[in-house]
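Engineer: A structural model of the following input is requested.
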Amino acid sequence: MSSGRQTSHAADPGPPSGAKDLLLLACCAPCSGEPLRAMGHDGLRPVVYFYNPNIHPRAEYERRRDDVERYCRKLGVKFVEGPYDPERWFERTAGMEDEPERGRRCEECFALRLAHAAEFAGRQGLGVLACTLGISRWKDLEQVDAAGLAAASGVEGVQYWPRNWRKAGGAQRMYEIARAEFFYMQDHCGCVFSKAEHRDGAAGEGRPLSARE
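Structural biologist: Numbering: from 1, shown residues only. Reported below is the predicted structural model:
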């Protein structure tokens, strides 16, 4: 079971128990570039897991998946695609259509995806779970880490690593890597509701388009 609650705003030590092998739940290529760079620098061996039933429609899902898979091939990192089950996501978030970004819908979305990833990590014998979901400034890092810790606590032998990938210039490198690798730069997290919210906000407040998760 997971150890006690940790915070992602400390000094960002290495993975729990000094593990080298871990599962990285990846949401998209722009958000994955910096975590994968840092892991390679630190001698870690991630397995990238793409489980994102929130992304809609399928064409958008496939475009993001293909970019992550392409980058993993370049780095020599193992890539695994999880099931694409948007119906499960819509059921989980039913009644939360009007929730703002960083609201309850995001909490449920993180919980669903991280719980599935934790179960997969357990089946694969990987004792550490990390994710790219909190590197974007558009997401609430506390929400992400709370979901990750809860997910890992329910799987024997799996611990969540609440690494803050934004720190020490990570957020800036995220964009630099994305531009250098010609990643698809999406303008919303993937779900239909965030896309609508982004369009309304961009029109009303002049919010710039950027890589997001």
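Engineer: Buried residues in the helix or strand hosting Arg73, which are they?
Structural biologist: Secondary structure from DSSP states H and E places Arg73 in helix 58-75. For helix 58-75, the buried set under the neighbour-count rule, 16 or more other CB atoms under 10 Å, comprises 60-61, 64-65, 67-69, 71-72, 75. Just so you know, the C-beta spots here come from the backbone N, C-alpha and C atoms, and that holds for glycine as well.
Engineer: which one of the residues you listed is nearest Pro100?
Structural biologist: Comparing the buried residues of helix 58-75 against Pro100 with CB to CB places Glu60 closest, at 21.1 Å.
Engineer: any idea how far the residue nearest to the spatial centre of the chain lies from Gly103?
Structural biologist: For the chain, the residue nearest the mean C-alpha position is Leu133 (2.7 Å; CA atoms, centre = their mean). Leu133 sits 15 Å away from Gly103, going by CB to CB, to the nearest Å.
Engineer: again with Arg179
Structural biologist: 30 Å.
Engineer: what stretches of the protein score poorly on pLDDT?
Structural biologist: Within the chain, the stretches with pLDDT under 70 are 1-12, 195, 198-213.
Engineer: in it, which helix has the most residues?
Structural biologist: helix 104-124 (DSSP state H).
Engineer: and that helix, what does it pack onto?
Structural biologist: strand 21-25, strand 45-50, helix 86-92, strand 128-131, helix 141-153 (3 or more CB pairs under 8 Å, 6 or more residues apart in numbering; DSSP states H and E).
Engineer: among the ones you listed, which is the most enclosed?
Structural biologist: Among the helices and strands packed on helix 104-124, the stretch with the highest mean neighbour count (mean count of other CB atoms under 10 Å) is strand 128-131, at a mean of 27.
Engineer: any idea how far it is from the chain center?
Structural biologist: Chain-centre distance of strand 128-131: 10 Å, with CA atoms, centre = their mean, to the nearest Å.
Engineer: Next: stretch 73-83.
Structural biologist: Counting by CA atoms, centre = their mean, stretch 73-83 comes out at 14 Å from the chain centroid.
Engineer: Convert the C-alpha atoms of that stretch to PDB, please.
Structural biologist: Listed next in PDB are the C-alpha coordinates belonging to stretch 73-83 (Å, rounded to 0.1, in the frame of the first residue of the first chain):
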ATOM      1  CA  ARG A  73      10.000   5.600 -30.100                       C
ATOM      2  CA  LYS A  74      12.500   8.300 -30.500                       C
ATOM      3  CA  LEU A  75      13.600   8.100 -26.900                       C
ATOM      4  CA  GLY A  76      13.600   4.300 -26.800                       C
ATOM      5  CA  VAL A  77      10.900   4.300 -24.100                       C
ATOM      6  CA  LYS A  78       8.200   1.600 -23.800                       C
ATOM      7  CA  PHE A  79       4.800   2.900 -24.800                       C
ATOM      8  CA  VAL A  80       1.500   1.200 -23.800                       C
ATOM      9  CA  GLU A  81      -1.900   2.300 -24.900                       C
ATOM     10  CA  GLY A  82      -4.800   1.700 -22.500                       C
ATOM     11  CA  PRO A  83      -8.400   1.100 -23.600                       C
END
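Engineer: Could I get the buried residue list for that stretch?
Structural biologist: 75, 77, 79, 82.
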